[in-house]
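[1] Build me a model from this:
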Amino acid sequence: MRAERVAARCIICGVTGIYVYGLRLRGRFICANCERSIVNSICNDYSYSLYINGLKKIWRCPGA
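    All right, here's what the predicted structure looks like:
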């Protein structure tokens, strides 16, 4: 299976680029770096609230 390159903007960090790896939720893209950071974050970290707010954009407003 060959990896496909996708031009997208990450809903969490806002970086637009050509990605090979990442995650799509409800038509929105999360880059592999942000995905990894979300998985490895601890709930009392400052960055955790940033990830939560980024994910809220996906669930509350699909057109965001």
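
[2] Now do residue 30: how many residues are near it, please.
    24 (other CB atoms under 10 Å). From N, CA and C alone the C-beta is placed, and that goes for glycine too.

[3] Bridge partners for it, pull those for me.
    Taking DSSP bridges as the rule, residue 30 bridges to residue 23.

[4] List the residues that contact it.
    Contact analysis of residue 30 by CB atoms under 8 Å, 6 or more residues apart in numbering lists 10, 11, 12, 22, 23, 24, 38, 54.

[5] From the residues you listed, list the buried ones, please.
    Neighbour-count burial (16 or more other CB atoms under 10 Å) is assigned, among these, to 10, 11, 12, 22, 38, 54.

[6] Where does confidence bottom out across those residues?
    Minimum pLDDT for these is recorded at residue 54 (83).

[7] what about residue 59, distance to residue 32?
    For residue 59, the distance to residue 32 (CB to CB, to the nearest Å) stands at 21 Å.

[8] and residue 4, what helix or strand is that in?
    In the assignment (DSSP states H and E), residue 4 maps to no helix and no strand.

[9] Setting aside sequence neighbours, what's the nearest residue to it?
    Spatial nearest neighbour of residue 4, excluding adjacent residues (CB to CB, 6 or more residues apart in numbering): residue 20 at 7.4 Å.

[10] and the one you found, how many neighbours does it have?
    Residue 20 has 9 neighbouring residues, counting by other CB under 10 Å.
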